[in-house]
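In: Any chance you could fold what I've pasted below:
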Amino acid sequence: MIDAALPPCPPKLAAYRRAVGGGTLVLAVAADAEARAITSALGRGPVIEEWRPTPVAEGVILVRTGVGKANAAGAVAAVCAVDRPAAVLSVGIAGTLPGSPARIGDLVLAAGHAFDEGVRTPTGIELLGGFPPWAGPGNVVPAHPSIAFLRDLPGLHEGVIATVSICSGTDGLAREVAGRTGAIAEAMEGAAVAATASRFGVPWAELRVISNTTGDRKGQIWRMPEALRRLGELFRDR
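Out: Residues are numbered from 1 along each chain as shown. From the prediction side, this is the model:
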């Protein structure tokens, strides 16, 4: 039964829900600021507790996972194990990597979710080969086919998003991450969300708004308020 107190599902999310079967859509959001941007856009109160699924619109549940791969995987697994949702959408902000076409305020849709896991050798970091960090081969979880229904969002770039444990605060590290993963942006949860959802047979996708550049900290550009506003706009009822 639809909760009359909940706002309607925004049209784009409603279309995506229909495309994946019409069930519950789970929004996996890492940080409080990201969660507040979404709930504010939907006219809901803040999501305070981590790992507590909160209905925010008709057919849409938001879970604030906490930052990082471990938190994201655990929170999404907890939701999927209790009630198999129609899909899990990892949403939030991200940093743009060297060579990326994505600029601050742009939207990035993950064409693949790269685990930045490996072994540091004298010649650099080698990604894990014989010990892949998810159930499939290699370090990249391929995008689920359902992302086709998200491709017409305005200002969108599609490319691999790297899921890192250490964000790129030097030019060298930013170039390394881009070079070894082929990613156009980096964040800290998407690959874990994708890998976990895939284990449960649940469709997944990752959408990020670029909030900052990567590279040497003194030269980075941050526009967090602008990125959070754009994130909220994705969830307005229009």
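
In: Next, give phi and psi for P145.
Out: phi -60, psi -20 (degrees, to the nearest 10).

In: and it, how many neighbours does it have?
Out: 11 (other CB atoms under 10 Å). Every C-beta, even on glycine, is put in place using the N, C-alpha and C of the backbone.

In: out of everything not next to it in sequence, what's closest to it?
Out: P203 (7.9 Å; CB to CB, 6 or more residues apart in numbering).

In: if I look at that neighbour, how far off is A197?
Out: Distance of P203 to A197, computed by CB to CB, to the nearest Å: 7 Å.

In: Neighbour count for the two, which is higher?
Out: Neighbours were counted for P203 and for A197 using other CB under 10 Å; A197 has more, 27 against 21.

In: most centrally placed residue in this protein?
Out: The centre of the chain sits closest to S90, judged by CA atoms, centre = their mean, with a distance of 3.4 Å.

In: can you give me the helices for this protein?
Out: Defined through DSSP state H, the helices belonging to the chain, from first to last, are 11-19, 32-41, 69-82, 171-181, 190-199, 224-233.

In: Out of those, flag the one nearest D216.
Out: helix 171-181 (5.2 Å; CB to CB).

In: how far off helix 190-199 does the closest one point, in degrees?
Out: Counting by axes from the mean of the first three to the mean of the last three CA atoms, to 10 degrees, helix 171-181 lies at 30 degrees to helix 190-199.

In: With just CA atoms, put helix 171-181 into CSV.
Out: Provided in CSV are the C-alpha atoms of helix 171-181 (Å, rounded to 0.1, in the frame of the first residue of the first chain):
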residue,chain,number,x,y,z
ASP,A,171,48.9,14.7,-9.1
GLY,A,172,50.9,11.5,-9.3
LEU,A,173,48.2,9.4,-7.6
ALA,A,174,45.4,11.0,-9.7
ARG,A,175,47.3,10.0,-12.9
GLU,A,176,47.9,6.5,-11.5
VAL,A,177,44.3,5.9,-10.7
ALA,A,178,43.1,7.1,-14.0
GLY,A,179,45.8,5.1,-15.9
ARG,A,180,45.3,1.8,-14.2
THR,A,181,41.5,1.8,-14.0
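
In: so what sits against both of P203 and A197?
Out: 87-88, 144 (CB atoms under 8 Å, 6 or more residues apart in numbering).

In: I'd like to know which of those are buried.
Out: 87-88, 144 (16 or more other CB atoms under 10 Å).

In: Quick check, the residue nearest to the centre of the chain in contact with A195.
Out: No. Under the criterion of CB atoms under 8 Å, S90 is not in contact with A195, lying 11.1 Å apart.

In: Pull up the pairing partners for the helix or strand of the chain with the lowest mean pLDDT, direction included.
Out: In the chain, no helix or strand scores lower on mean pLDDT, DSSP states H and E than strand 124-127, which sits at a mean of 72. Sheet pairing for strand 124-127, assigned by DSSP bridges, gives strand 118-121 (antiparallel).

In: mind listing what's buried in the strand it pairs with?
Out: G118.

In: cool, and stretch 104-112?
Out: Neighbour-count burial for stretch 104-112 [16+ other CB under 10 Å]: 104, 106-112.

In: So which of these sit within strands?
Out: 107-112 (DSSP state E).

In: what's the closest of those residues to L6?
Out: Of those, the one sitting nearest to L6 (CB to CB) turns out to be L107, at 25.0 Å.

In: Would you check how far apart D106 and V29 are?
Out: Counting by CB to CB, the gap from D106 to V29 is 19 Å.

In: go on, A78?
Out: With CB to CB as the criterion, A78 and V29 are 15 Å apart.
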